[in-house]
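*Asks:* Return atomic coordinates for the entry below.
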Amino acid sequence: MSPLPTTRRKFLRWAAAAGTVAIAGDAILLEPNRPRIVRQDFFLPRWPERLNGFTIALLSDFHYDPYFSVHPLHAAIAMVNGLHPDLIVLTGDFVSVPLFGSRKKAAFAADPCARLLRQMTAPHDLWAVMGNHDEDTDRKHVTRVLQAEDIHVLANQSEAIEHDGARFWLAGVNDALGGTADLSETLRRVPANEAVILLAHEPDFADEASRFPIDLQLSGHSHGGQVRIPLLPPLYLPKMAKKYVLGIYHVGPLMLYTNAGLGTVGVPARLNCPPEITLLTLRAPANR
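*Replies:* Numbers count the residues shown, from 1 in each chain. Have a look, this model is predicted:
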């Protein structure tokens, strides 16, 4: 076979380079800033029939900074408010552990993040748990600024959510990687026959949660892999996000949903893994 003409070889090299630049530009400039809404229906055996159609908006992994992750958060606010959810949950990592510099100072990013998050509204309020980056910077500061904006923070706690004469329990654990997540304490006040939704930052915590009377776990942490090359597994997944990376899972009797997150960590890029707002609609099974 004769070699390609020089002009054709140059053209192919140029086209390949242009394609690479285009993909990189999309991964850095476009995809990270365009959240998508993912709608999921869950049929939970213990869910009260009077609460059929109750909706929860799930957001996670904000990793607030004023240059990159602020943009998908701004976009998400109007999108979530347009969905009119009954309740909003935030499953951690409001800030990022810095590569260099003070971790304590990095926690100050929670202040503008909380002010933006408070622009979202729901009849049953906003509820949050801490993530590993919050834990490894200054968990107490992140908690304080969220609470100052009337965002409830669950720390090994459960609260009853009452609506239309029925109720379920919203539970939240401390960050599992921090070693202080305690489900026995979290569920101490919950009656055995009532539905429980658990907020836990790390999705692989579901292996532990499945041993308790919990109906649905909501998590983030994985970023969905953040950069997903077709036909290959995600290039990097953090600890406790290697099994249940993205979407719906059944872990024994427990159902789990892992959200892809809004922000980015490390490289400010996403590929085949856009920022996500999850709208969950909860129902009792029809044949119960």
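*Asks:* For the stretch 151-288 of the chain, which segments count as helices?
*Replies:* Using DSSP state H, counting those that start in this stretch, the helices of the stretch 151-288 of the chain run over 183-186, 206-209.
*Asks:* The first one - what's its average pLDDT?
*Replies:* Spelled out, that is helix 183-186. Mean pLDDT, computed over helix 183-186, is 98.
*Asks:* Residues contacting it, please?
*Replies:* Leu154, Asn156, Gln157, Ser158, Ala171, Gly172, Val173, Leu198, Glu208, Ala209, Phe212, Ile214 (Cβ atoms under 8 Å, 6 or more residues apart in numbering). The way it works is simple: take the backbone N, C-alpha and C, and place the C-beta from them, glycine included.
*Asks:* Go through that helix and flag the buried ones.
*Replies:* Neighbour-count burial for helix 183-186 flags Leu183, Thr186 (criterion: 16 or more other Cβ atoms under 10 Å).
*Asks:* For it, output the C-alpha coordinates as CSV.
*Replies:* Provided in CSV are the C-alpha atoms of helix 183-186 (Å, rounded to 0.1, in the frame of the first residue of the first chain):
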residue,chain,number,x,y,z
LEU,A,183,-26.7,4.2,62.2
SER,A,184,-27.8,2.8,65.6
GLU,A,185,-27.8,6.3,67.0
THR,A,186,-29.3,7.8,63.9
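*Asks:* In contact with Ala109: list those residues for me.
*Replies:* Tyr64, Asp65, Phe94, Val95, Ser96.
*Asks:* Show me what the helix or strand containing Asp111 packs onto, helices and strands only.
*Replies:* Secondary structure assignment for Asp111, by DSSP states H and E: helix 110-117. Helices and strands touching helix 110-117, by 3 or more Cβ pairs under 8 Å, 6 or more residues apart in numbering; DSSP states H and E, are helix 70-83, helix 132-148.
*Asks:* For that helix, buried residues please.
*Replies:* Going by neighbour count (16+ other Cβ under 10 Å), the buried part of helix 110-117 is Ala110, Asp111, Cys113, Ala114, Leu116, Leu117.
*Asks:* Export the residues you listed to TSV and append columns for distance to Gly101 and pLDDT.
*Replies:* Below are these laid out as TSV (distance: Cβ to Cβ, whole Å; pLDDT from 0 to 100):
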residue	distance to Gly101	pLDDT
Ala110	16	98
Asp111	17	98
Cys113	18	98
Ala114	21	98
Leu116	23	98
Leu117	24	98
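*Asks:* how about low-confidence regions in the stretch 151-288 of the chain?
*Replies:* By pLDDT under 70, the low-scoring segments of the stretch 151-288 of the chain are 288.
*Asks:* all strands of it, in order?
*Replies:* Ranges of strands within the stretch 151-288 of the chain are 152-153, 157-163, 166-172, 196-199, 216-219, 247-251, 254-258, 276-283, based on DSSP state E, counting those that start in this stretch.
*Asks:* Out of these, which one sits most buried?
*Replies:* Of all these, strand 216-219 has the most neighbours on average by mean count of other Cβ atoms under 10 Å, namely a mean of 27.
*Asks:* Does that strand pack against any helices or strands, and if so which?
*Replies:* Counting by 3+ Cβ pairs under 8 Å, 6+ apart, strand 216-219 packs on strand 196-199, helix 206-209, strand 254-258.
*Asks:* Sounds good, over and out.
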